[in-house]
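*Asks:* For reference, the sequence and a predicted model appear below.
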Amino acid sequence: MRKYTTPLLFVLMCLLLSNDVFAQLQSYKKGLASFDKGFYDIALQDLLKVEEIDPSQELKLNYTIAEAYRLSNRWVESLAYYQKALELGVQEPDAVFHYAYALKTNEQYAEAREQFQKYVELKSDNKVYIEWANRELSTLQIVDLIREKEDERNFRNLKEVNTEGSEFSPFVYNGQLVFTSSRKDKIYSNGLPFLGIYTAPVNSDLTSVGEVQKFSSEIFDPERNEGSPAFSPDGRVVVFARSNSGKRKDLSPDVDLYISRKLPAGNWTEPQLVSASDSASWDGSPAFSGDGRTIYFASNRPGGSGGIDLYRVNMDASGRFGNPANMGKALNTPGNEMFPYVSSDGKLYFASDGHPGLGKLDLFVAVRKAGKIAVENMGLPYNSSKDDFGLSIDEHGNMFFASNRRGGQGDDDIYFYQAPPEEELITQNEGDPENGENGSGEDEEPEIKVVNYFLEGKVVDEETKEALTLADVDVYKIEGGFQELFSELKTNESGEFGPVDMEEDTDYLIIVERDEYLTKREGFSMYGRTIPQILLREAVTDTTFKTTIEMDKVFIGKTFVLENIYYDLDKADIRADAAVELDKLVQILLDNPKLKIELGSHTDVRGTDMYNFRLSQRRADSAIEYIISRGIERSRLVAQGYGERELIIENAKTEEEHQVNRRTEFKVLDIAAEPILE
């Protein structure tokens, strides 16, 4: 019998291993499908089961897990997976930015600075992230100084209401603590409970917290996320955020602001969509001004500074809204500004991950100094390396905010500070009003130090890195979408130019021309490069930024690969992402009017050789027609299909590998002595 046992066990083991591999492959496919639908928590449940996978998919597995963690606001958990994806050669430049931010949220500030610097040097096309990365490079220089700013207030976790889920946006209203919590019965498609607005009775000194209940049955919708309520000064109007229900009758595909009014009987009217809300965008975290005539809110609507911006909109006595206005770049950054709150003394508090902070969302207060709005980090203990947001202050001086910092009950928790009795508070605030030492006086405005900014550059050959002398360098200032010539220079014997005076918060375009080279244009932004006042020691400081511009030598027969111009399988249509890249080629042809080029198209190996040759020709023709439609003369262009004859990846297996083979290139056919007439 023994001689049959070993083969039988071997067969059984093979079957078990085969089943395990199949199960992991199914988990991988399910995880990718859930991720594509935006169900990040569900995607992670499947993707984390995959322990062994084909090496060709290892990069995608790690990068998808990292992205799922990031998009569900679990930055620290994403760290190891971003690191692995970068080690495997992920080509997405923004992966470096996200890895840097994850390092920052884990308080690895030195490593984060190194990665942000690396991202800036990649010269990504993502202008928002470039500005944000430059801001972070400045921020990470002053982390220790931010930590030195520490308030003596002690905040306690409000365990009476906090759960393993999320509790945030606390606000005291009519003796009730009103807050947002993920404790509805229905589970959202991402695997988490829906958010709702809840309330618990509290006394003035917060020594007693009653039972948690729904805030209002009229407002409570079991099939939607609802939260972040804001009350008018008289308490008769509430504005809050409400999400899409997933039903066709829904007025919006995203999160919007809703308004409800209190009836004499004490109940609330049926919520109505706020007319100032943009149904195609995310609008949330509203707040009333002290007089109740203005509503501040956060939105990612088009035209902002980057992510989510702060806006304001006026509301008249009849409840009609005006046109929302962006609150400007003094407050808004390429990051996210959210959860505004206006205190009784008129200060604007908000949360941001774009201003200099310790982690992700930090709490800030906007103050006016020397006639300008300045944003100050509130320091410790308000802020941590995690999310800190949703601050409010009640009439007794008790303070509340939410945080997912370490040591909490669950996800986002509510923290509070119990103010001393009012008579004690008055004693503490006694001082010399003439010197602005009491609570009602204003601090003496600090001296505003001046910084002079300059730009110096170097022009080099892209391949040899040799300096290029006598190159023409034109610097344009960009304002309101228009280009204004700002400075004309030539490179010296070392290939250097400058210094050029730079202005804060301004975009520039640098155009470099030299014989035998393609004209090069490169942007340079001063957004995010302002040195924080806290770092300045002298009344006047000069600082110089440096940039290196690499130029491509051009000669007849030279071929350039056009990155990211891909086609769907068996199609020759110009995709939206390909149009963006073809527009760059159009700009090259406009900048270099002497060039005549061949545009070559390549396919993958799927299909017959003759079919692929014809398909590639159709693709090349399609690209040429697009370029002509953008104003380039047809006589400067030749379309050539190569089919599958010149593969980059032999024996391609995955869709990603096949897509690399479906590429487009251009080759220089002629360099006319005079520009080709159009």
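*Replies:* Happy to help now that I have it. Numbering: from 1, shown residues only.
*Asks:* Now do the helices in the chain.
*Replies:* 2-36, 40-47, 55-71, 75-87, 94-105, 109-122, 127-139, 143-148, 422-428, 576-591, 609-629, 655-661 (DSSP state H).
*Asks:* between those helices, which gets nearest to residue 238?
*Replies:* Ranking the helices of the chain by proximity to residue 238 (CB to CB) places helix 422-428 first, at 27.7 Å. From N, CA and C alone the C-beta is placed, and that goes for glycine too.
*Asks:* what about that closest one, average pLDDT?
*Replies:* Averaging pLDDT along helix 422-428 gives 45.
*Asks:* and if you look at stretch 590-605?
*Replies:* The pLDDT scores in stretch 590-605 average 89.
*Asks:* Kindly report the same for stretch 483-493.
*Replies:* Stretch 483-493 comes out at a mean pLDDT of 94.
*Asks:* Compute the first-to-last residue distance for stretch 320-329.
*Replies:* 27 Å (CA to CA, to the nearest Å).
*Asks:* Which residue, neighbours along the chain excluded, lies closest to residue 672?
*Replies:* residue 594 (4.5 Å; CB to CB, 6 or more residues apart in numbering).
*Asks:* How much space separates that neighbour from residue 471?
*Replies:* 17 Å (CB to CB, to the nearest Å).
*Asks:* ok, now residue 255?
*Replies:* In terms of CB to CB, residue 255 sits 50 Å off from residue 471.
*Asks:* With residue 625 instead?
*Replies:* From residue 625 to residue 471 the distance is 34 Å (CB to CB).
*Asks:* neighbour-wise, which of these two wins?
*Replies:* residue 471 (22 against 13; other CB atoms under 10 Å).
*Asks:* Contact partners for the closest residue to the more buried one other than its chain neighbours?
*Replies:* Leaving aside its chain neighbours, residue 471 sits nearest to residue 514 (4.0 Å; criterion: CB to CB, 6+ apart). Residues in contact with residue 514 (CB atoms under 8 Å, 6 or more residues apart in numbering) are 459, 468, 470-472, 551.
*Asks:* how about a cut-off of 10 Å?
*Replies:* Each residue near residue 514 by CB atoms under 10 Å, 6 or more residues apart in numbering is listed here: 459, 461, 468-473, 490-491, 495, 520, 551, 553.
*Asks:* Residue 60 now?
*Replies:* Here residue 60 is in contact with 28, 32, 53, 85, 88, 90, 654, 656 (criterion: CB under 10 Å, 6+ apart).
*Asks:* Would you format those residues as TSV with pLDDT included?
*Replies:* Output for the contacts of residue 60, formatted as TSV (pLDDT from 0 to 100):
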residue	pLDDT
28	89
32	92
53	85
85	94
88	92
90	90
654	80
656	76
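*Asks:* From those residues, list the buried ones, please.
*Replies:* Buried subset of the contacts of residue 60 (neighbour count, 16 or more other CB atoms under 10 Å): 28, 32, 53, 85, 90.
*Asks:* got a pLDDT number for the closest residue to the fourth one other than its chain neighbours?
*Replies:* Taking CB to CB, 6+ apart, and ignoring the residues beside it in sequence, residue 85 has residue 63 as its nearest neighbour in space, at 4.0 Å. Per-residue pLDDT puts residue 63 at 95.
*Asks:* Could you do residue 254 as well?
*Replies:* 79.
*Asks:* Which helix or strand in the chain has the lowest average pLDDT?
*Replies:* Using mean pLDDT, DSSP states H and E, the weakest-scoring helix or strand in the chain turns out to be helix 422-428, at a mean of 45.
*Asks:* Distance of residue 403 relative to residue 61?
*Replies:* In terms of CB to CB, residue 403 sits 32 Å off from residue 61.
*Asks:* between these two, which one's more packed in?
*Replies:* Higher neighbour count among residue 403 and residue 61: residue 403, with 26 against 21, using other CB under 10 Å.
*Asks:* any weak-confidence spans in the stretch 401-550 of the chain?
*Replies:* Applying pLDDT under 70 to the stretch 401-550 of the chain picks out residues 422-447.
*Asks:* Any idea how many residues pack against residue 501?
*Replies:* 12.
*Asks:* From residue 616, how far off is it?
*Replies:* 50 Å.
*Asks:* ok, residue 471 touching residue 494?
*Replies:* No - in this structure residue 471 lies outside contact range of residue 494 using CB atoms under 10 Å: 11.6 Å.
*Asks:* what touches both of those two?
*Replies:* With CB under 10 Å, 6+ apart, residue 471 and residue 494 have common neighbours residue 459.
*Asks:* can you list the domain ranges for this structure.
*Replies:* Per the record, the chain has its domains at 19-147, 148-419, 450-551, 559-671, by automatic domain parsing.
*Asks:* Next, the distance between the ends of the last one.
*Replies:* Using CA to CA, the end-to-end distance of domain 559-671 comes out at 14 Å.
*Asks:* Distance from the chain centre to it, please.
*Replies:* 32 Å (CA atoms, centre = their mean, to the nearest Å).
*Asks:* The shortest one too?
*Replies:* Distance of domain 450-551 from the chain centroid (CA atoms, centre = their mean) equals 26 Å.
*Asks:* what number of residues lie near residue 222?
*Replies:* Neighbour tally, residue 222, other CB under 10 Å: 11.
*Asks:* Which residue is the nearest non-sequential neighbour of it?
*Replies:* residue 186 (5.4 Å).
*Asks:* Spit out the contact partners of that neighbour.
*Replies:* Residue 186 neighbours (CB under 10 Å, 6+ apart): 193-194, 196, 221-224.
*Asks:* How about residue 183?
*Replies:* Counting by CB under 10 Å, 6+ apart, residue 183 touches 161, 163-167, 193-196, 198, 212, 214.
*Asks:* For residue 546, state which of these is nearest.
*Replies:* residue 166 (44.9 Å).
*Asks:* Next, the residue nearest to residue 672: phi, psi?
*Replies:* phi -90, psi -10 (degrees, to the nearest 10).
*Asks:* Determine the number of other residues adjacent to it.
*Replies:* For residue 594, using other CB under 10 Å, the count is 13.
*Asks:* Residue 455 is in contact with residue 501, correct?
*Replies:* Yes - Residue 501 is within contact range of residue 455, at 8.2 Å (criterion: CB under 10 Å).
*Asks:* so what's in contact with those two at the same time?
*Replies:* Residues touching both residue 501 and residue 455 (CB under 10 Å, 6+ apart) are 475, 487.
*Asks:* Could you tell me the least trusted of the domains of the chain?
*Replies:* Mean pLDDT values for those show the minimum at domain 559-671, a mean of 84.
*Asks:* From residue 76, how far out is the residue nearest to residue 165 when sequence neighbours are not counted?
*Replies:* Once flanking residues are discounted, residue 165 sits nearest to residue 182: 3.8 Å by CB to CB, 6+ apart. Separation of residue 182 from residue 76 (CB to CB): 20 Å.
*Asks:* ditto for residue 658
*Replies:* For residue 658, the distance to residue 76 - CB to CB - is 36 Å.
*Asks:* Equivalent analysis for residue 171, please.
*Replies:* Applying CB to CB to residue 171 and residue 76 gives a distance of 29 Å.
*Asks:* do residue 153 as well
*Replies:* Residue 153 sits at a distance of 27 Å from residue 76 (criterion: CB to CB).
*Asks:* Give me the more crowded residue out of those two.
*Replies:* residue 76 (17 against 12).
*Asks:* The more buried one against residue 385, yeah?
*Replies:* Yes - with contact defined as CB under 10 Å, residue 76 reaches residue 385; the gap is 8.9 Å.
*Asks:* Residue 666 is in contact with residue 592, isn't it?
*Replies:* No - in this structure, residue 666 is not within contact of residue 592 by CB under 10 Å, at 11.5 Å.
*Asks:* quick one, which of these two is more surrounded?
*Replies:* A count of neighbours by other CB under 10 Å puts residue 666 above the other of residue 666 and residue 592, at 23 against 17.
*Asks:* Leaving out chain neighbours, which residue sits closest to that one?
*Replies:* In space, residue 666 is closest to residue 597, 4.6 Å off (CB to CB, 6+ apart).
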